[in-house]
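Student: Sequence plus the predicted model coming up.
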Amino acid sequence: MAALACCQAQEAVTPKSESVAFDDFFVDKALRLELYQCGDAREMTTTLQTLAEEPCWPENPNSLIMPFPYGKYSVKAWDAASNRLVYAKGLDSLFAEYATTKPALSGTKRVIQTTARIPMPKAAVKLTIERRNGDNSLTTIMTEHLDPSDIRIRRESPTKGDKPFEVQNKGDAHHCLDIVFLSEGYSATQEDKFKADVQKMSDYLLSVAPYKGLSDRISVRGVFRASEESGTDLPHKGVFRNTALNSSFNTLDIDRYLLLDDNHRMHQMAAAVPFDTIVVLVNSTTYGGGAICLDYCVTTTDHPSSPMVFVHELGHCLAYLADEYVGNVSYNDIYPEGVEPVEPNITRQLEPDKIKWKSFLSKDVTLPTKSSRETRAERTVGAFEGGGYLSKGMYRPQAGCWMGSANPKEGFCVVCDDAIQRMIDFYTSKPELPK
């Protein structure tokens, strides 16, 4: 029941952090933690490899404690002197997905890169990484004591040769959603194509709800880095390319699933500009993409559905939205039976007064709700069976939504729309002025 209670708090409210004054504990820089996770379905170790300083803390100084129960992991910083929690945010990794696959269940171990980031502390902190258990409780899996004067912290300049540029700058990075697009699989002669692709994708994003109505709070930047070869790896077709970030299809043996091997290198590249979320554009005509929630998303650029794939994948990485379609994945028990998912747009709950999106339910709607031409046309909000890859026992808010459909006319359901807006509020809200 604890997991259910945790998620029922996710209603249409503006998120507010616990009262932690940024200037009391942090300076306006970031501390990046490059991690390795190694293991299989039964065991996993998380190791800190590198500490690196980034030139600014681009996230909201008023939102230091994430109010949403998102993430397969959580990174937390505790002031060493007072043992006070001063920073907490959800964290995801490809390892969490890998651990549910058949190879992991059979004992095959993998090493996977992931990256966490906290504001640069003024004084020593205790940093913990927690892992979400099957019942959604959290267990500490790594503890590090960090001092801002530690000589292990790399204080290097951004990579020479990278070319950052602005598409749209809406002001102070602390109070904007800062999106950075990174180039992958573009040769040195294709810089202009990358810039055109960034413009195409950002124009599409800012033309659809809810981003269109919030465009005055969204800044867009790009970073170009040339690859030795154009394109990306297509292992199922015997195609391999030497690219800047080592992207590849066939992630977790799913042909359309496109991710990166070099998570650390990606974050190093992104640090050339202020960013809250990362989008990697892969120079390819093949359909596909992927996302690691609360970290980054990937899409190809030249398939007719690429803009739709981008908006879908950004929903994962920015707002922790679940897939609302059924099947066609390699995961096993990614949503354990009897446990309420933490994602805002799927549920196992059918009691009207307990369902996450109870404030959006259509009047007199029946739960579960049957999908029909009428419910789709009327945009009925209820509990439609099928979502989170499961055909039975999992429910989504509306019959159609971009988290389950590639139909350009569909749009986000009201719950996903609200979740995106609340996350943008988290990144952009300013303190209320005294009356």
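Tutor: Great, that's in hand.
Student: Distance-wise, check Gly393 relative to Val415.
Tutor: Here the criterion is CB to CB, to the nearest Å. By it, Gly393 lies 18 Å from Val415. C-beta: built from backbone N, CA, C; applies to glycine.
Student: higher neighbour count, those two?
Tutor: Val415 (25 against 15; other CB atoms under 10 Å).
Student: you'd agree Lys89 is up against Met66?
Tutor: Yes - shown here, Lys89 and Met66 form a contact pair, counting by CB atoms under 8 Å, at 4.6 Å.
Student: low-scoring stretches of the chain, by residue?
Tutor: Along the chain, segments meeting pLDDT under 70 span 1-18, 330, 432-435.
Student: what's the longest strand in it?
Tutor: strand 26-39 (DSSP state E).
Student: and the helix or strand just after that one, what does it pack onto?
Tutor: Using DSSP states H and E, the next helix or strand after strand 26-39 towards the C-terminus is strand 44-54. Strand 44-54 sits against strand 26-39, strand 138-146, strand 153-154, helix 263-270, with contacts defined as 3 or more CB pairs under 8 Å, 6 or more residues apart in numbering; DSSP states H and E.
Student: Tell me which of the ones you listed sits most buried.
Tutor: Most buried of these by mean neighbour count (mean count of other CB atoms under 10 Å) is helix 263-270; its value is a mean of 23.
Student: Quick check: the gap between Glu228 and Ala244.
Tutor: Relative to Ala244, and taking CB to CB, Glu228 is found at 8 Å.
Student: Pick out whichever of those two has more residues nearby.
Tutor: Taking other CB under 10 Å, Glu228 and Ala244 do not tie; Ala244 has more neighbours (23 against 11).
Student: does that one sit in a helix, a strand or a coil?
Tutor: coil (DSSP: H, G, I helix; E, B strand; the rest coil).
Student: In the stretch 301-435 of the chain, mark out all the strands, start to finish.
Tutor: 384-387, 390-396 (DSSP state E, counting those that start in this stretch).
Student: Other residues contacting the shortest one?
Tutor: Read it as strand 384-387. The contact list for strand 384-387 (CB atoms under 8 Å, 6 or more residues apart in numbering) reads 322-326, 345-346, 368-371, 375, 391-399, 404.
Student: Now with 7 Å, please.
Tutor: 322, 324, 326, 346, 368-369, 371, 392, 394-396, 398-399, 404 (CB atoms under 7 Å, 6 or more residues apart in numbering).
Student: Dump those to CSV, plus distance to Leu259.
Tutor: Formatted as CSV, the contacts of strand 384-387 follow (distance: CB to CB, whole Å):
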residue, distance to Leu259
Ala322, 18
Glu324, 20
Val326, 22
Ile346, 22
Pro368, 34
Thr369, 34
Ser371, 31
Lys392, 29
Met394, 24
Tyr395, 28
Arg396, 24
Gln398, 28
Ala399, 30
Gly404, 21
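Student: what's the closest of the helices and strands packed on strand 44-54 to Val111?
Tutor: strand 26-39 (4.6 Å; CB to CB).
Student: Just the helices from this protein, written as ranges.
Tutor: 2-8, 22-25, 94-98, 102-105, 191-205, 263-270, 306-319, 373-378, 414-428 (DSSP state H).
Student: could you give the angle of the fifth one to helix 306-319?
Tutor: Taking axes from the mean of the first three to the mean of the last three CA atoms, to 10 degrees, one finds helix 191-205 and helix 306-319 inclined to each other by 70 degrees.
Student: pull the CA atoms of helix 191-205 into CSV?
Tutor: In CSV, the C-alpha atoms belonging to helix 191-205 read as follows (Å, rounded to 0.1, in the frame of the first residue of the first chain):
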residue,chain,number,x,y,z
GLU,A,191,27.3,20.7,-39.8
ASP,A,192,24.7,22.7,-41.7
LYS,A,193,22.5,19.6,-41.9
PHE,A,194,22.7,19.1,-38.2
LYS,A,195,21.7,22.7,-37.6
ALA,A,196,18.8,22.3,-40.0
ASP,A,197,17.7,19.1,-38.2
VAL,A,198,17.9,20.9,-34.8
GLN,A,199,15.7,23.7,-36.2
LYS,A,200,13.2,21.2,-37.7
MET,A,201,12.9,19.2,-34.4
SER,A,202,12.6,22.2,-32.1
ASP,A,203,10.1,23.9,-34.4
TYR,A,204,7.9,20.8,-34.3
LEU,A,205,8.2,20.5,-30.5
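Student: got the buried residues for it?
Tutor: 191, 193-195, 197-198, 200-202, 204-205 (16 or more other CB atoms under 10 Å).
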